[in-house]
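Trainee: Provided below for reference: sequence and predicted model.
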Amino acid sequence: MAEPEEESSLVEYGIEDRPPRSTSVVLGVQHYLTMVGANIAVPLILASLMGMPADVTAKFVGTFFVVSGVATLAQTTFGNRYPIVQGAPFSMLAPGIAIVTAAPVLSGFPDWQSKLLFLQGAIIVAALAEVAVGYLGIVGRLRSYISPVVVAPVVTLIGLSLFSAPQIVDVNAEAAGAQQNWWLLLLTLGLIVLFSQYLRDRSRAFSLFPVILGIAGAWLVATVLSVTGVYAPGSIGYVDLNAVASADPVYAIYPFMWGMPQFQTSFIVGMFAGVVASMVESFADYHAVARLSGVGAPSAKRINHGIGMEGLMNVFAGVMGTGGSTSYSENIGAIGLTGVASRYVVQIGAAVMLVVGFVGYFGQLIATIPDPIVGGLYIAMFGQIVAVGLSNLKYVDLDSSRNLFVIGLAIFAGMAVPAYMGAVGDATTFQQGLATVPVVGDVLATNAVGGTFYIIGTTNMAVGGVVALFLDNTIPGTPEERGLADWERIAEGNDDFQSAYDRFVRKDGGAAESAD
């Protein structure tokens, strides 16, 4: 059995702790507020590209919250059992956009519905492959090749890659002449910093609820300015309360509500590339949440069950008609800010989101949170994730030029290659360029090869992870130098993690055998 890591002094509630129920409800909602921007942004982007009507879009957003609630409960109960919120993945958004842009129109269906059915089909099949990768133990077997030299840049890139999130700097909006509401963004950031850092010792409420206090304070200010006419309708920072009042009270959300999924091979291959990128990000997320929760690095068994459950929940997401599901880095940043790593808290929050996802008023109320407020929240959380990534270097010999070379090149490549891909344009343009490569151009330009390279190449942590993994395992270095010796000392063993099968099936079977 592994020697346990010394619990972080920043942890208020550990993974196994169960705060009072009333406190847990507020803490759980706070965890979900950290990911609300992304969980709304993904469906809104897809809905806009599909030309989805406004009333259908509202239901579409609600479905994402229902899927998020179910997926989080499944992961925290039957999967890796880490306190990680599951939600709509940006890593699968790029192939999703490609699919809804290129999908044909089915006879008898509106354009948006046809596109959504092809998206559903691609997610379901690609997710089945993820289920196999997880439960066959493929990802877990790679763990022996992954040292802190690899994990540090990958986790760091999760935070760095999100510095240009549209809620912080919307390049397209600024190109069109719009300006970010920087003072509202800085107000949100300032309140979160004030509560989480300067006032955390003054009151337990400040240390436990800095995120929800910061968001609520900034939202109230924006609402007052909107009601008094300082912010005009449509301006950045405007809070539209009329939209809440006019929302549908309840949405009917159920499997295959948009129709039966459609399957096309090229779309499935492209979506699998997004699933691969999602698995890389989740692998790093598991290490980050373990680090912040004050426990040892995850075992191969825990990683396998986590990826396998993400695959099952992606299948569920496809059945329900959303854009997929994955572990959320935003939620991990919230653990760093609040010190609340309780699985029970996250489960309570998931149950709340599952219920309110059916309530139209709630979805519209959440949608009134202005982007600058979400942007201020993101800056605080993503900076925390960067720091968590770098903290893995405590196990590494930083006097080794070999380690410095691998870490530096991985981070630089993880930022530079996706920036190049963004300058190239979309997957089709990239494949057209590959077609000009002598001899192998025809192979590279296919969706299976070129499309996969494009999706992975646009994902910062995937690029950085591949570079770091290759260099760290080919450049000579001792286990002590790479941090493997110290890491293995504190990492949990496979026996330390009990899967759902161990806890429910095998336990009952053992009890029955003992009785006999």
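Mentor: On my side now, so go ahead.
Trainee: what about the helices in the stretch 251-400 of the chain?
Mentor: Taking DSSP state H, counting those that start in this stretch as the test, the helices found in the stretch 251-400 of the chain are 265-292, 300-320, 329-338, 343-356, 360-367, 371-391.
Trainee: From residue 264, how far off is the residue nearest to the spatial centre of the chain?
Mentor: Centrality entry for the chain: nearest residue to the mean C-alpha point is residue 328, 2.8 Å, by CA atoms, centre = their mean. Separation of residue 328 from residue 264 (CB to CB, to the nearest Å): 29 Å. For glycine as for every other residue, the C-beta is placed from the backbone atoms N, C-alpha and C.
Trainee: same deal with residue 225?
Mentor: Distance, residue 225 to residue 264, by CB to CB: 48 Å.
Trainee: Residue 288 too?
Mentor: 35 Å.
Trainee: Between the two, point out the one with more neighbours.
Mentor: More crowded of residue 288 and residue 264, by other CB atoms under 10 Å: residue 288, with 30 against 16.
Trainee: Helices of the stretch 1-150 of the chain, start to end?
Mentor: With helices called from DSSP H, counting those that start in this stretch, the stretch 1-150 of the chain shows them at 21-33, 36-50, 54-78, 93-102, 111-135, 138-141, 148-160.
Trainee: Could you list the residues in contact with the second one?
Mentor: Residues outside helix 36-50 that contact it (CB atoms under 8 Å, 6 or more residues apart in numbering): 52, 56-57, 60-61, 63-65, 68, 87-90, 93, 96-97, 100-101, 111-112, 115-116, 119, 165-167, 322-323, 328, 330, 366-367, 369, 371, 374, 377-378.
Trainee: can we see that at 6 Å?
Mentor: 57, 60-61, 64, 68, 87-88, 93, 100, 112, 115, 167, 323, 366, 374 (CB atoms under 6 Å, 6 or more residues apart in numbering).
Trainee: Tell me the one among those nearest to residue 413.
Mentor: Closest to residue 413 out of the contacts of helix 36-50 is residue 93 (21.8 Å), distances taken as CB to CB.
Trainee: Can you classify residue 436 as helix, strand or coil?
Mentor: Following DSSP: H, G, I helix; E, B strand; the rest coil, residue 436 is assigned to coil.
Trainee: which residues does it contact?
Mentor: For residue 436, no contacting residues are found, by CB under 6 Å, 6+ apart.
Trainee: and residue 101, how far is that from residue 277?
Mentor: Distance of residue 101 to residue 277, computed by CB to CB: 19 Å.
Trainee: Show me which of these two is the more surrounded one.
Mentor: Between residue 101 and residue 277, counted using other CB under 10 Å, residue 277 has the larger neighbour count: 28 against 13.
Trainee: Going by distance to residue 457, which of the contacts of helix 36-50 wins?
Mentor: Closest to residue 457, out of all of those and judged by CB to CB, is residue 93, at 14.8 Å.
Trainee: Run a quick neighbour tally on the residue nearest to the closest one when sequence neighbours are not counted.
Mentor: Residue nearest to residue 93 in three dimensions, not counting chain neighbours: residue 42, with 5.8 Å by CB to CB, 6 or more residues apart in numbering. By other CB under 10 Å, the residues close to residue 42 number 22.
Trainee: And residue 42, how far from residue 283?
Mentor: Distance, residue 42 to residue 283, by CB to CB: 21 Å.
Trainee: now do residue 413
Mentor: Counting by CB to CB - residue 413 and residue 283 are separated by 18 Å.
Trainee: Tell me which of those two has more neighbours.
Mentor: Legend: neighbour count by other CB under 10 Å for residue 413 and residue 283, higher for residue 283 (26 against 19).
Trainee: low pLDDT regions in the stretch 151-300 of the chain?
Mentor: Across the stretch 151-300 of the chain, the ranges flagged by pLDDT under 70 are 170-178.
Trainee: Hmm, I typed the wrong one, I wanted the chain.
Mentor: In the chain, residues with pLDDT under 70: 1-10, 37, 170-178, 507-516.
Trainee: Mind doing that once more with 50?
Mentor: Along the chain, segments meeting pLDDT under 50 span 1-2, 4-7, 175-176, 511-516.
Trainee: State the next helix or strand along the chain beyond the host helix or strand of residue 463.
Mentor: Assigned by DSSP states H and E, residue 463 belongs to helix 460-474. Using DSSP H and E, the helix or strand that follows helix 460-474 towards the C-terminus is helix 479-482.
Trainee: Buried residues, the helix or strand that that following helix is followed by. List them.
Mentor: Of the helices and strands lying after helix 479-482 in sequence (DSSP H and E), the nearest is helix 484-490. For helix 484-490, burial by neighbour count (16 or more other CB atoms under 10 Å) applies to 484, 486-488, 490.
Trainee: Format those as JSON lines; extra columns: distance to residue 260.
Mentor: JSON lines is the format used below for those (distance: CB to CB, whole Å):
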{"residue": "484", "distance to residue 260": "49"}
{"residue": "486", "distance to residue 260": "52"}
{"residue": "487", "distance to residue 260": "47"}
{"residue": "488", "distance to residue 260": "49"}
{"residue": "490", "distance to residue 260": "49"}
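Trainee: between those residues, which is nearest residue 130?
Mentor: For the buried residues of helix 484-490, the residue nearest residue 130 by CB to CB is residue 487; the value is 26.0 Å.
Trainee: can you pull the contacts of the residue lying closest to that closest one once chain neighbours are set aside?
Mentor: Counting by CB to CB, 6+ apart, residue 395 is the residue found nearest to residue 487 once chain neighbours are left out, at 5.2 Å. Counting by CB under 6 Å, 6+ apart, residue 395 makes contact with 148, 483, 486-487.
Trainee: What's the end-to-end length of stretch 254-268?
Mentor: Start and end residues of stretch 254-268 are separated by 23 Å (CA to CA, to the nearest Å).
Trainee: quick one: buried residues of it?
Mentor: Under the neighbour-count criterion of 16+ other CB under 10 Å, stretch 254-268 has 258, 261-262, 264, 267-268 buried.
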